[in-house]
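Asker: below is the sequence, then the predicted model.
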Amino acid sequence: MKSPSLTLRNILMASLVSISILGACQSEKTEEQTNQSKTGQRALAPEEATGQYPYRRLSTYGFFEGEMAMLTPSEKLIPYQPASSLFTDYALKSRFVMIPDGAKAQLVDNDISLPVGSILVKNFYYPEDFKKPEGKRRVIETRLMIHEEKGWQSYPYIWNEEQTDAVLKIVGGETEVRFIDKNGKDQVINYLVPNKNQCKSCHNKNEVMAPIGIQPKHLNNDLNYNSGKENQLAHWTSLGKLEGFSGKDNHPSVINYEDQTQALDDRAMAYLDINCSHCHRAEGPASTSGLFLTFDQKDPMKLGINKTPVAAGKGSGKFKFDIVPGHGDQSILTYRMNSTEVGVAMPEIGRTTVHTEGVELIKEWINQMK
Amino acid sequence: MRKHLALISLSLLLFACYGCGTESNERTFDTSTLRKASIDEVEQVVEAFIMAEDSSTIEIPSGFYEFNTQLILDSKTAIRIKGAGMDQTVLSFRNLKSGGEGVKIVGNQITIEDLSIEDAPGDGIKAQHTDGITFRRINVTWTNGNKSKNGTYAIYPVQCKNVLIDECIASHSKDAGIYVGQSENIVVKNSLAFGNVAGIEIENSDNAEVFGNTARDNAGGILVFNLPGLPKSDGKGTKIYDNDIIENNHKNFAVPIGEDPNGNTVTMIPPGSGIVLLAAKEVEIYNNRILRNKTYGVAIASYQVTGFPAEAPNWSPYTTDVYVHDNQYERKSFSIPDFTREMGQLVAVHNAHGILKTQDIIYDGIWDKSINEKIESNPMRICIEESGMENLRFTRFYLMDGEENIQSFKDHELFQNCQVNVQTDISGIALLNSSVQK
């Protein structure tokens, strides 16, 4: 059997060949074609679902039923949603997991391991009008994480303008997105699709590619299914897709930071956990900084309280410490969250706009610290 | 200390321009005439990094490549990335819209050579969790006229083992040009660092040798630091020898001119610093030419001088076991110490040889009293054996009774007639060197 990477190489070779053919036919590309190349929409031959991943087209996987852009999942997909969501330029997301027939996920030591052959499907989309989120919308990209024999692999697919399919584009891309925000204001975002290896900037546990949302702490909460409201891990268990869940109270859970009925401390830690801790933890790439932001962090220095930066460069602005208790405006944490300048802005990828609500939350939390 | 010194600096305002520092926008290569690579050629390089197979070479032909995404080599083994020469293959990240660095490397036995990296918004090239990383003949720089826009580190291995930086050039970075952090077994040799805030910096690292380099026209030439609160909590064993550490009198542009230093320690480095040891452990400095650095040639300091919290697990704020010998010093005529940073003001005002006199060696004289109550016992084991010591300007400060009671002494005898044994072993790097040269 061919290894998946070999398959991908063949695809790449094919796409390179197609480039050179194009080059041979026309001395200059039209502007339209250049734009197409930017968003990764090259003419592709039909392909068959051979079981050898990745496919060039998203449609080949057969994840969705009916009109593809509606993202209506087929029976083999289970929807899931972490309690708190990573901010990605206000994009809305729909997430599904496919666990192969006959296989089960295992929950051990508060970690979930998915069997080989599992696929995570994460769609990023914008409604035209955020006041009518169910109305007309544009799907930008779908990121797949596939659990292959040699470990997890990530594959970004970029949707075409017709919204009929998405095509694998490992070098990533960028596209302009327009929408009306929830206050009725017109917004324009230069949306960046990460390249394949940038995925691991976040999905990184001790330099091994790993899912983020598929952890008990993020899924140990209720979700509305077609069948009604149910704890997500209980739901997977009842579907016969999970072993090791022993009830909500026996596993950690992070709250939804948007839930204003919750304590400010818990909301702030939930926000930092889902937005920062994939890098800022002992097993993450930002361990270099000594700043660790998982929701259960108790050590003041690791949390950044009166902690000097290490390699932040201009990311420090005028400030001395990551968190200055009582002074949200003088803390490096909020300074970097509030910037869109590359080299200053945190997180380093996935954000080109400021998450105003997130900045306010963290400022409020720091302001009440003593 | 601040209030006191501010008053004095006000009264010496006339000298302020003298005390500011120089500025350099020097370019090593003119790359403006290089052929611009097409979008497809650029994408092919991105793909080559993503799809690289173990034990292969990624060749990047001559040309000017403008990337709008990061170049990442992830978890690969025995890869050689090769350009057509520092002046021939240029990877430009001036259009990068997200990502902490231009080039990122994770893996084992990786070599990158013969190319230039320009204008990354964050760091130029970063290698992390890599065992066996060689940077050879790479030039990493920024071309902005306004240096405040420049990135943090040019060449940045962190949490690596067996690091070789050879014949590289690092210039105009807002922090350190060559920065090795939280790593072990390190050689930095025959390289050039100029126009940076710090030329070469070894931080929280073990077993490093820095030799045959030129660090010139930075604010600080060569730095050995240990910072608190990091996963690699402390570092020890650094030899600095046969380097030219010359005229490191550049402005400290890590923060905008006129702004106070922020929490990055490097923002406190006064222009005119040759070598700075901060909370360093087991350092030998010898056979260097330390010339015309206007504030001091060598500074031996403990972390307390930063004024930041100085407690962390498995870490000590003191600089200990230092052996400085057989270096050549030259003081620049008609120049005075820096006035833009507190440490510069301390030297200018409080040194033991007279106001505004450049120093060859300074020691902050902060010691751990739990070891011995008396500095005369040399409790931190600081050993200085320079020939013609009586002609050098040495100052030991006494800062432990607060800023109103700063004292200074010329008593270099306290730190002479001794020896400190600093052990390093870079034989593993020599192997790395020969295996990649083939």
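Answerer: Here it is on my side, so go on.

Asker: use CA for all of it now, contacts and neighbours both
Answerer: Will do.

Asker: with chain A in mind, check whether stretch B:276-293 reaches it.
Answerer: No - Stretch B:276-293 lies apart from chain A when judged by Cα under 8 Å from any Cα of the partner chain; the minimum separation is 13.9 Å.

Asker: any weak-confidence spans in the chain?
Answerer: Chain wasn't specified; assuming chain A. Residue ranges of chain A with pLDDT under 70: A:1-44.

Asker: meant chain B, my bad for not saying
Answerer: By pLDDT under 70, the low-scoring segments of chain B are B:1-20, B:431-438.

Asker: find the closest residue to chain A in it.
Answerer: residue B:263 (3.5 Å; Cα to the nearest Cα).

Asker: that residue: how many residues sit nearby?
Answerer: If you count neighbours by other Cα atoms under 10 Å in any protein chain shown, residue B:263 ends up with 25.

Asker: what about it, which helix or strand?
Answerer: Following DSSP states H and E, one finds residue B:263 outside all helices and strands.

Asker: residues touching the residue nearest to it when sequence neighbours are not counted, list them.
Answerer: The spatially closest residue to residue B:263, leaving aside those adjacent along the chain, is residue A:320, at 3.5 Å (Cα to Cα, 6 or more residues apart in numbering or on different chains). Listed by Cα atoms under 8 Å, 6 or more residues apart in numbering or on different chains, the contact set of residue A:320 reads A:306-309, A:331-332, B:262-264.

Asker: now the residue of the stretch 151-300 of chain A found nearest chain B: how far from residue B:273?
Answerer: In the stretch 151-300 of chain A, the residue found nearest to chain B is residue A:290; the distance is 4.6 Å by Cα to the nearest Cα. Taking Cα to Cα, to the nearest Å as the measure, residue A:290 and residue B:273 are separated by 28 Å.

Asker: ok, residue A:131 next?
Answerer: When residue A:131 is compared with residue B:273 (using Cα to Cα), they lie 58 Å apart.

Asker: more crowded one of the two?
Answerer: residue B:273 (35 against 13).

Asker: just checking, the more buried one touches residue B:217?
Answerer: No - here residue B:273 does not reach residue B:217: they are 10.1 Å apart, not a contact under Cα atoms under 8 Å.

Asker: in a markdown table: the contacts of residue A:320, plus distance to residue B:113.
Answerer: A markdown table is the format used below for the contacts of residue A:320 (distance: Cα to Cα, whole Å):
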| residue | distance to residue B:113 |
| --- | --- |
| A:306 | 40 |
| A:307 | 36 |
| A:308 | 34 |
| A:309 | 31 |
| A:331 | 39 |
| A:332 | 35 |
| B:262 | 35 |
| B:263 | 34 |
| B:264 | 30 |
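
Asker: return the member of the residues you listed nearest to residue B:56.
Answerer: For the contacts of residue A:320, the closest approach to residue B:56 (Cα to Cα) belongs to residue A:309, at 37.3 Å.

Asker: for the closest residue to residue B:266 other than its chain neighbours, give me its contacts.
Answerer: Once flanking residues are discounted, residue B:266 sits nearest to residue B:175: 6.6 Å by Cα to Cα, 6+ apart. For residue B:175, the contacting residues are A:313, B:151-153, B:196-198, B:254, B:266, by Cα under 8 Å, 6+ apart.

Asker: same question for residue B:344.
Answerer: Contact analysis of residue B:344 by Cα under 8 Å, 6+ apart lists B:270-271, B:295, B:337-338.

Asker: repeat for residue A:294
Answerer: Applying Cα under 8 Å, 6+ apart, we find residue A:294 in contact with A:269, A:272-273, A:276-277, A:280-281.

Asker: helix, strand, or coil at the residue nearest to residue B:263?
Answerer: When states are read from DSSP: H, G, I helix; E, B strand; the rest coil, the local structure at residue A:320 comes out as coil.

Asker: is stretch A:322-331 anywhere near chain B?
Answerer: No - legend: contact between stretch A:322-331 and chain B by Cα under 8 Å from any Cα is lacking; minimum distance shown is 8.7 Å.

Asker: list of residues touching that stretch?
Answerer: The list of residues contacting stretch A:322-331 from outside it, by Cα under 8 Å, 6+ apart, reads A:304-309, A:319-321, A:332-335, A:362-370.

Asker: and the residue nearest to residue B:263, how close does it get to residue A:60?
Answerer: Plainly put, residue A:320 is 52 Å away from residue A:60 if you go by Cα to Cα.

Asker: enumerate the residues of the stretch 101-250 of chain A near chain B.
Answerer: Counting by Cα under 8 Å from any Cα, the residues of the stretch 101-250 of chain A that sit close to chain B are A:170-172, A:194-198, A:207.

Asker: list of residues touching the host helix or strand of residue B:139?
Answerer: When secondary structure is defined using DSSP H and E, the element that contains residue B:139 is strand B:131-141. If you take Cα under 8 Å, 6+ apart as the criterion, strand B:131-141 is touched by B:85-86, B:107-119, B:124-125, B:127, B:154-155, B:160-173, B:432-433.

Asker: and for stretch A:215-234?
Answerer: A:80-84, A:107, A:110-112, A:213, A:242, A:245, A:247-248, A:251-254.

Asker: just the buried ones from the residues you listed?
Answerer: By neighbour count, with 16 or more other Cα atoms under 10 Å in any protein chain shown, those hold A:80-84, A:107, A:112, A:213, A:242, A:245, A:248, A:253-254 as buried.

Asker: can you list these in a markdown table and add secondary structure and distance to residue A:347?
Answerer: Below are these laid out as a markdown table (DSSP: H, G, I helix; E, B strand; the rest coil; distance: Cα to Cα, whole Å):
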| residue | secondary structure | distance to residue A:347 |
| --- | --- | --- |
| A:80 | strand | 23 |
| A:81 | coil | 21 |
| A:82 | coil | 18 |
| A:83 | coil | 19 |
| A:84 | coil | 16 |
| A:107 | strand | 29 |
| A:112 | strand | 25 |
| A:213 | coil | 17 |
| A:242 | strand | 32 |
| A:245 | coil | 32 |
| A:248 | helix | 31 |
| A:253 | coil | 23 |
| A:254 | coil | 20 |
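
Asker: these: which two are farthest apart?
Answerer: Maximum pairwise distance among those (Cα to Cα): 21.6 Å, between A:84 and A:242.
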